[in-house]
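> one predicted model, sequence on top.
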Amino acid sequence: MLKSFPWPVALGVAGAAICIAGGLLPASAARAAEAAASAADAAAGTTDAAAAASGDSSMAPIVVTAQRLNEARLEIETRTGASTYTFDSQAIDAQPGGGNQPINQVLLQAPDVVQDSFGQVHIRGDHNGLQYRLNGVILPEGISVFSQTLSPRLISSMSLITGALPAEYGLRTAGIIDLTTGSGLLSPGGYASMYGGSFGTIQPAFEYGGSNGSWSYYATGDYKQSDLGIESPDGSAVPLHDHTKQVHGFGYLEKILDDNNRLSLILGISDGKYQIPNQRGLQPTLGLDVNGVTEFLSDNLDENQRELAEYGILSWQHAAGPLNFETSLAVRYTSLHFSPDWLGDLLYNGIAQDAFKDDTAVSWQTDVSYKLSSNHTVRTGFYLQHDSSTSTTTSQVLPVDAAGMQTSNVPLTIPDNGNQIQQIESAYLQDEWQVWEPFTLNYGVRYDHYSAYSHGSMLQPRINFVWLIGSGTTLHGGYSRYFIPPPFELIAATDISKFSGTTAAPAIPQDTPPFGERQNYYDLGVQKKLLSNALTVGVDSFYRQAQHLIDEGQFGAPIILTPFNYRYGLIGGVEFTANYSVSNFSAYGNLSFQASHGKQWESAEFNFSPADFAYVHDNYIHLDHEGRVAASGGVSYLWEGTRFSSDFIFGTGLRESINFPNDSHVPSYTVVNLGLSHDFHLSGANVLTARFDVVNLFDKVYQIRSGSGVGVFAPQYGMRQGFFGGLAWQF
């Protein structure tokens with residue numbers, strides 16, 4: 001079955017600005033028919049799912065109950081006044097790369113999402129303030145830098161929620177990535193695929209789901225190996241020492257207890273091993289001597305990193321009459337281990353570190369909605385989280401005198417181990433009030449408290465509105481007060497005094513723990529449908545005033561991000577979106593402008609040079625992840641069963657330091673990708689899908705990072721031209 005869906009189509013439903021991504025619907029069944037981003041999608045899914053179950057009359061009531069519970073779960077989450085951009089599984093499959101690409105590549109097609117190295121993205125000028133949710137349940141944060149813990153294959157639909165958020169969203173507020181997972185009940189069947197191509201890429205994958213009475217199950221997994229695990233440090237197509245092996249697995253089990261209740265269990269794992277790529281032809285410049293060795297060709301460096309994540313979520317949902325609630329227990333274990341090149345790192349950096357970090361997080365989340373009257377829906381809930389983190393490092397350094405001159409060529413070994421716990425308590429209360437039929441107001445308050453390396457709390461008022469003005473015009477906006485705890489799992493219990501008198505002694509011997517960020521967030525946007533709803537255009541503006549603005553950087557060879565604060569932060573921008581869809585053709589485009597500034601570093605001071613520290617104390621500087629102008633867009637056309645697609649991203653470049661911190665930026669770039677796929681319908685429900693993709697069609701050599709910005713340790717370049725193809729058997 002083939003369908004063409006627009007991307008992004010703006011819908012002013014329930015007070016949200018929603019963009020729907022679309023594409024080719026896999027023959028393995030209508031995964032997008034499960035809960036999507038609106039009641040209209042959910043209702044359509046009920047029809048499709050019931051039809052699929054029509055061959056077994058005993059299954060039909062179970063299917064209808066599951067779909068009704070999905071709709072009830074959407075009632076718990078409100079997006080009034082926020083900006084929401086939704087991608088369904090069809091849209092992801094239609095993009096070049098399809099479900100074989102990581103989630104960050106999908107997100108780059110949303111407005112004001114800026115590309116960074118190590119698979120990071122920055123939304124609306126924030127650094128890494130993303131919160132991932134699975135079926136509405138917060139997945140506690142992890143330590144991973146490179147690895148994408150979640151695969152697009154598990155997604156039925158994915159929503160990026162940003163802007164002035166209602167009170168039920170907190171802790172991480174730059175963007176909420178809400179994933180609705182696949183379901184074996186609503187989309188039985190599966191597929192097996194093999195994908196690969198340039199850079200020695202091999203990527204087999206599978207998906208399978210089904211049901212037995214009131215039980216249903218769904219599982220997906222993939223393996224990937226490639227010679228391009230991390231971005232190239234020198235722009236070469238195939239970097240030296242950059243092999244990766246990755247495994248991802250996901251499972252979903254559901255039990256319909258009765259018409260009003262269900263239990264669900266999510267289990268997942270991500271395990272990635274990475275070689276750290278080498279620049280070619282370099283020699284150490286610090287003039288150090290290690291046991292008589294002073295030269296070391298950079299080609300021969302051997303650094304490696306492993307990242308592991310395991311998670312589980314157990315949920316009970318109840319929906320009866322005006323009352324809906326879901327309560328969930330979640331656990332997540334993550335670890336990161338960096339293995340150095342002991343000799344090479346010491347000669348190049350003055351320190352070689354074997355660094356291991358892990359974090360175990362356990363959380364309890366409950367969300368409730370109650371339809372108080374025809375005009376009022378009250379929502380409330382709480383969130384509790386306990387973390388236990390361990391940081392273990394073994395460092396080799398060289399002794400130096402007061403003038404910084406080396407006094408011995410025999411390395412010193414310094415162990416530095418520590419552990420810490422974190423407690424988070426959150427609660428919210430809000431009311432969605434339909435003041436009159438076209439105008440909805442959502443107001444509420446949220447409270448967050450954390451205690452870890454530092455502690456803090458704040459009461460946060462929120463107010464948002466949506467106004468349907470005339471035919472096809474939606475105005476939305478709001479104000480949100482935010483309190484954002486520092487990323488606990490990234491903070492190390494380092495005792496910098498241990499490194500006094502060595503080549504790793506900091507120039508600023510001060511290490512204040514990071515603070516929680518406090519922020520005023522203002523947002524206003526409008527969307528308009530034209531040409532019989534075939535064309536949708538929109539504009540959205542935002543402005544943020546921050547105290548203790550949180551940022552992150554890599555300040556050493558171990559690729560572990562370190563959080564720090566600016567005392568003051570000012571960030572603002574404007575976004576433009578357009579979408580056109582008619583028959584089997586759709587096209588979309590996004591354009592954004594932003595300015596992001598910070599002043600006065602006030603934590604993790606030992607990472608900075610005295611000159612930079614003094615300059616930033618008196619001057620606002622651009623944030624290193626600022627993307628002054630960003631754009632994305634794409635087209636998709638379905639012709640006699642063959643899907644042609646293309647997308648692009650444009651960026652003016654992230655910041656680099658020439659005379660002052662972050663005073664310039666790397667050159668701008670445009671990257672174009674192509675995709676081609678065709679379904680061959682075999683006997684019965686079997687379909688063989690063939691696809692061919694070209695990444696970076698024009699082989700643009702572009703730099704993401706120059707290695708000179710604040711918290712930027714080494715240069716990285718974007719992926720060079722690559723050709724990929726594969727087959728997927730859907731059954």
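Cool, the structure landed. Numbering: from 1, shown residues only.

> what separates the longest helix anywhere in the chain from the chain centre, distance-wise?
Assignment by DSSP state H gives helix 60-76 as the longest helix of the chain. Remark: helix 60-76 is offset 27 Å from the chain centroid, using Cα atoms, centre = their mean, to the nearest Å.

> now stretch 716-729
So, by Cα atoms, centre = their mean, the centroid of stretch 716-729 is 21 Å from its chain's centroid.

> show me the contacts for Leu286.
Leu347, Tyr348, Asn349, Gly350, Thr503 (Cβ atoms under 8 Å, 6 or more residues apart in numbering). (Each C-beta comes from the backbone N, C-alpha and C, glycine too.)

> only C-alpha atoms, please: export the longest helix of the chain in CSV.
Presented in CSV, the C-alpha positions along helix 60-76 are these (Å, rounded to 0.1, in the frame of the first residue of the first chain):
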residue,chain,number,x,y,z
ALA,A,60,-11.0,-6.7,16.8
PRO,A,61,-12.0,-5.6,20.3
ILE,A,62,-8.4,-5.8,21.5
VAL,A,63,-7.2,-3.7,18.5
VAL,A,64,-9.8,-1.1,19.2
THR,A,65,-9.0,-1.0,22.9
ALA,A,66,-5.3,-0.6,22.2
GLN,A,67,-6.0,2.3,19.8
ARG,A,68,-8.3,4.0,22.3
LEU,A,69,-5.6,3.8,24.9
ASN,A,70,-3.1,5.3,22.5
GLU,A,71,-5.5,8.2,22.0
ALA,A,72,-6.0,8.6,25.7
ARG,A,73,-2.2,8.7,26.2
LEU,A,74,-2.1,11.7,23.8
GLU,A,75,-4.7,13.4,26.0
ILE,A,76,-2.2,13.2,28.9
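
> quick one: list the elements packing against it.
Helix 60-76 sits against helix 39-52, strand 244-258, strand 261-275, strand 304-320, strand 323-339, strand 351-371, with contacts defined as 3 or more Cβ pairs under 8 Å, 6 or more residues apart in numbering; DSSP states H and E.

> farthest pair in the contacts of Leu286?
Pairwise distances across these peak at 11.1 Å for Tyr348 and Thr503 (criterion: Cβ to Cβ).

> Val435 touches Leu441, doesn't it?
Yes: using Cβ atoms under 8 Å, Val435 is in contact with Leu441, at 5.4 Å.

> does the nearest residue to Ser471 once chain neighbours are set aside count as helix, strand or coil?
Excluding the flanking residues, the one nearest Ser471 by Cβ to Cβ, 6 or more residues apart in numbering is Lys529, at 8.0 Å. Under the three-state scheme (DSSP: H, G, I helix; E, B strand; the rest coil), Lys529 adopts strand.

> again, but for the one 4 residues further on
Going by three-state DSSP, the secondary structure assigned to Asn533 is coil.

> so it is in contact with Ser471, correct?
No: contact criterion Cβ under 8 Å: Asn533 and Ser471 do not qualify, at 9.7 Å.

> who's more crowded, those two?
Neighbours were counted for Asn533 and for Ser471 using other Cβ atoms under 10 Å; Asn533 has more, 13 against 8.

> what residues does the closest residue to Leu623 other than its chain neighbours make contact with?
Sequence neighbours aside, Ser596 is the residue nearest to Leu623 in space, at 4.2 Å (criterion: Cβ to Cβ, 6+ apart). By Cβ under 8 Å, 6+ apart, Ser596 lies in contact with Gly125, Gly569, Leu570, Ile571, His622, Leu623, His625, Glu626.

> go again with 10 Å.
By Cβ atoms under 10 Å, 6 or more residues apart in numbering, the contact list for Ser596 reads 114, 122, 124-127, 544, 549, 551, 569-573, 621-628, 655, 662.

> for Phe499, same thing?
Gly350, Ile351, Ser395, Val397, Leu412, Ile414, Asp416, Ala505, Pro506, Pro509, Phe606.

> near the fourth one, how many other residues are there?
Just to be clear, that refers to Val397. So Val397, with other Cβ under 10 Å, has 22 neighbours.

> Lys255 now?
13.

> okay, and Gly525 sits in which element?
For Gly525, the host element (DSSP states H and E) is strand 517-530.

> please disregard the earlier target; I meant Asp93.
Asp93 belongs to helix 89-94, assigned by DSSP H and E.

> so where do the strands sit in the stretch 451-600 of the chain?
455-468, 473-484, 517-530, 535-553, 562-582, 585-601 (DSSP state E, counting those that start in this stretch).

> out of the ones you listed, which is closest to His248?
Of the strands of the stretch 451-600 of the chain, nearest to His248 by Cβ to Cβ is strand 535-553, at 24.2 Å.

> that closest one - what's its average pLDDT?
Mean pLDDT, taken over the full extent of strand 535-553, equals 95.

> quickly run through the sheet partners of it, with directions.
Sheet pairing here is set by DSSP bridges, and for strand 535-553 it gives strand 517-530 (antiparallel), strand 562-582 (antiparallel).
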